[in-house]
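1. Dropping a prediction and its sequence here:
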2 protein chains.
Amino acid sequence: MKEEYCDASETIKQSGLARTPQRMAVLEALILAIHPLSAADILALTAEKTKINRVTVYRILASFRDRGIIREIETGHANSSYEMACAHNPVHPHFRCRDCGRIICLPPLTLSQAWDWLAQPADFTVERIDVQLIGLCAECIKKDNGNTVASDNF
Amino acid sequence: MKEEYCDASETIKQSGLARTPQRMAVLEALILAIHPLSAADILALTAEKTKINRVTVYRILASFRDRGIIREIETGHANSSYEMACAHNPVHPHFRCRDCGRIICLPPLTLSQAWDWLAQPADFTVERIDVQLIGLCAECIKKDNGNTVASDNF
DNA sequence: ATCATAAATGCAACAAACTTGCAAACAATT
DNA sequence: AATTGTTTGCAAGTTTGTTGCATTTATGAT
Ligand SMILES: [Mn+2]
Ligand SMILES: [Mn+2]
Ligand SMILES: [Zn+2]
Ligand SMILES: [Zn+2]
C-alpha cells in the first residue's frame, strides 16, 4: 500500500511539536509499518529504542492524529489502530477480522466492488460491510459555534 | 428509516430463546427506537418496565446479535449501538458525531454520493468516511476449520 | 396444576483500553 | 547557561464490557 517513506524528523518539525525521542520512535514505527499498528504494538516497538510510557504513547498518538499526521482506524470494542496519513498513504478501506481483530489495508474500492467480495470469498471471507460518515452533528455544530467562529476570525 | 414494526413476542419465539420479561423489554425498546440504542440507553429504557441488570442487557444483546435479530453498530472506543436487523430495516450506512457520539441512520448510499457530502455540508458536516469489510482473515479461517467442519458434518 | 430441568438472570469481581492530575524532566529559545 | 513552556512518567480513575457462580425462572413433560 505504502511505497515511499516520510522523514520522521521533518514531519515532527513541521507540526510544531517538540522533537522528543518518544515522538521520533512512535513516528518511525508508523512510517516503517506495513500494517496499521495498535497502541500496544507501538509501545512494544518503541520501548526497544527509548524509555517510553504507555500513557505517553496514547498522548503522542492523539496529538499526531489531531494534526492529521496519522489516521486512527477504529475497530469497535476499544482497540484502535493507527497508520500514516501522509501523501504516500492515501485514504483507503480496511478489512477487519472479527475473530483476531487483525486490520488489513485494502486498495481503493467502490461499494459495489466491496459487495462482490461477499459472494466471492478470496483469501479472507467478508461477512459484512460497514460504512460510517464521521463528522459533527447539527447539535454539536451549534454548541461548538462560539469556539469555532472565534478562531475563524483570524 | 424503519416504517413498520416487528412483533417482539413472535421474534423471540422464532429464535428459540426463552421469552423472558427482560428479553421482551430489550426487543420492544429496539423495535420502537428511532435511532440505534447503546447498552446504557437500553438499560435505562428497560429498567422502567422490568427488573433488569446491566450484565443481562449485554448478554441479551449478544444473543440477539448472534442470531441476526439485531445489528451491532461499532463506534470505536467501545460504545456500540444496536438496531433491529429485521426486514423493515435493511443494512444502511450511519453518520456518527465525533463529538457527542450520536449515531444517525442514513439512507442507502453509494460511496461517491457519500463523498459529495464532504463538500456540501448539510445539517451535519462530514469530515471522514470509514469503510470496513468485516469477516474472517485467512489465519482465522484455518484455525477455526476444525470446529466449523465438525459441526458442518451434521 | 405440579415437577423437573435446562436456561436465564443477578451479583460481585474482573479485565482491557483509555484518561486525568500533577510533579519531575526535558526541548527550544534566548 | 538560564528560562520557560512543553512533554513525560507515574498513580489513580473511568468506561465499557466480561466471567464465574449461586439463585431464579421459563418451558415442556407428567
Ligand atoms: Mn490502511
Ligand atoms: Mn441504522
Ligand atoms: Zn483473524
Ligand atoms: Zn454531536
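-> Yes, it's here. Ligands and ions are numbered 1, 2, ... in the order given.
2. max-length strand in chain A?
-> What stands out as the longest strand in chain A, according to DSSP state E, is strand A:125-136.
3. Give me the angle between that one and strand B:125-136.
-> Relative orientation of strand A:125-136 versus strand B:125-136 (axes from the mean of the first three to the mean of the last three C-alpha atoms, to 10 degrees): 160 degrees.
4. Now strand A:125-136: buried residues?
-> Buried residues in strand A:125-136, counting neighbours by 16 or more other C-beta atoms under 10 Å in any protein chain shown, are found at A:125-126, A:129-136. For glycine as for every other residue, the C-beta is placed from the backbone atoms N, C-alpha and C.
5. in its sheet, what does that strand sit against?
-> strand B:94-97 (parallel), strand B:125-136 (antiparallel) (DSSP bridges).
6. who touches the last one?
-> Surrounding strand B:125-136, the residues in contact under the criterion C-beta atoms under 8 Å, 6 or more residues apart in numbering or on different chains are A:73-74, A:91, A:93-99, A:106, A:109, A:111, A:114, A:117, A:124-136, A:141, B:95, B:98, B:111, B:114-115, B:117-118, B:144.
7. which of those residues come close to ligand 3?
-> Applying C-beta under 5 Å from the ion, the subset of those adjacent to ligand 3 comprises A:97, A:99.
8. So whichever residue of chain A sits closest to ligand 2 versus residue B:93, what's the distance?
-> Ligand 2 sits closest to residue A:132 of chain A, with a gap of 10.5 Å, by C-beta to the ion. Plainly put, residue A:132 is 7 Å away from residue B:93 if you go by C-beta to C-beta, to the nearest Å.
9. next one: residue A:85
-> 22 Å.
10. These two: which has the busier surroundings?
-> residue B:93 (22 against 19; other C-beta atoms under 10 Å in any protein chain shown).
11. So for the more buried one, what's the nearest residue that isn't a sequence neighbour?
-> Once flanking residues are discounted, residue B:93 sits nearest to residue A:131: 3.8 Å by C-beta to C-beta, 6 or more residues apart in numbering or on different chains.
12. Name whatever forms a beta bridge with the residue of chain A closest to ligand 2.
-> residue B:94, residue B:130.
13. What's the per-residue pLDDT of it here?
-> You'll see residue A:132 listed with a pLDDT of 95.
14. Ok, residue A:119 next?
-> Residue A:119 is assigned 69 on the pLDDT scale.
15. Tell me where chain A has strands.
-> Along chain A, the segments classed as strands by DSSP E run A:37-38, A:70-73, A:81-84, A:94-97, A:103-105, A:125-136.
16. can you redo the ones you listed as a markdown table with distance to residue B:6?
-> A markdown table is the format used below for the strands of chain A (distance: least, C-beta to C-beta, whole Å):
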| stretch | distance to residue B:6 |
| --- | --- |
| strand A:37-38 | 38 |
| strand A:70-73 | 34 |
| strand A:81-84 | 36 |
| strand A:94-97 | 29 |
| strand A:103-105 | 34 |
| strand A:125-136 | 21 |
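17. Let me know which of those is the nearest to DNA strand C.
-> Closest to DNA strand C of these is strand A:37-38 (C-beta to the nearest atom of the strand; 6.5 Å).
18. Parallel or antiparallel, list what pairs with the closest one.
-> strand A:81-84 (antiparallel).
19. does the longest strand of chain A come close to ligand 4?
-> No: using C-beta under 5 Å from the ion, strand A:125-136 never reaches ligand 4; the gap is at least 6.0 Å.
20. one step back: Throw the strands paired with strand A:125-136 into CSV and include distance to DNA strand C, thanks.
-> Formatted as CSV, those follow (distance: least, C-beta to the nearest atom of the strand, whole Å):
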stretch, distance to DNA strand C
strand B:94-97, 16
strand B:125-136, 15
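21. For residue B:26, see how far away the residue nearest to residue B:93 is.
-> Distance from residue A:131 to residue B:26, by C-beta to C-beta: 26 Å.
22. which residues does residue A:73 contact?
-> Neighbours of residue A:73 in contact, by C-beta under 8 Å, 6+ apart: A:36, A:80-83, A:94, A:103, B:130.
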